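Participant: Have a look at this fold, sequence not included:
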């Protein structure tokens, strides 16, 4: 017997010990490989990025969707020795856009911000080293 009550828009369901001891009657439906709407994952069979993948959390749409797509594409297809080191400008544009919409894109805490800055610094150092190597 499940006990249920509403709190605002949420429904809270309590399961008893007996509920958990009863084997599930749920049936698993085998995926249809010909279903054009079946989720393909992040990378489609042809190698393209699946912008509709739920794993992207909707980042590809919204006010900064184009900046996200640009940065993510650059990183995904990057062939640099330090992957994505050639994408600093795209990631900076995405970050600047997101800062304009703090309600939609909450800012990260200090630890995450530090690692983000470290990544950017590493990418910039790699770019500088590459330029230095090219000029010598």
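Facilitator: In hand now; what should we look at? This one's a predicted model, so the numbers in the text were calculated from it and none came from an experiment.
Participant: C-alpha only now, for contacts and for neighbours.
Facilitator: Fine.
Participant: Show the low-confidence segments of this protein, by residue range.
Facilitator: 1-7, 9-16, 19-20, 24-39, 108-136 (pLDDT under 70).
Participant: hmm, try it at 50
Facilitator: 1-2, 36-37, 112-116, 130, 136 (pLDDT under 50).
Participant: residue boundaries of the helices in this structure?
Facilitator: Here the chain has its helices, by DSSP state H, at 17-21, 65-77, 88-99, 110-135.
Participant: tell me the angle the third one makes with helix 65-77.
Facilitator: For helix 88-99 against helix 65-77, the angle between stretch directions is 150 degrees (axes from the mean of the first three to the mean of the last three Cα atoms, to 10 degrees).
Participant: helices or strands next to helix 88-99 in the packing?
Facilitator: With contacts taken as 3 or more Cα pairs under 8 Å, 6 or more residues apart in numbering; DSSP states H and E, helix 88-99 sits against helix 65-77, helix 110-135.
Participant: Check which residues of that helix are buried.
Facilitator: Residues 88, 90, 91, 94, 95, 97, 98 are the ones in helix 88-99 that count as buried (16 or more other Cα atoms under 10 Å).
Participant: Once you drop chain neighbours, what's closest to the third one?
Facilitator: In space, and not counting its chain neighbours, residue 91 is closest to residue 71: 5.2 Å by Cα to Cα, 6 or more residues apart in numbering.
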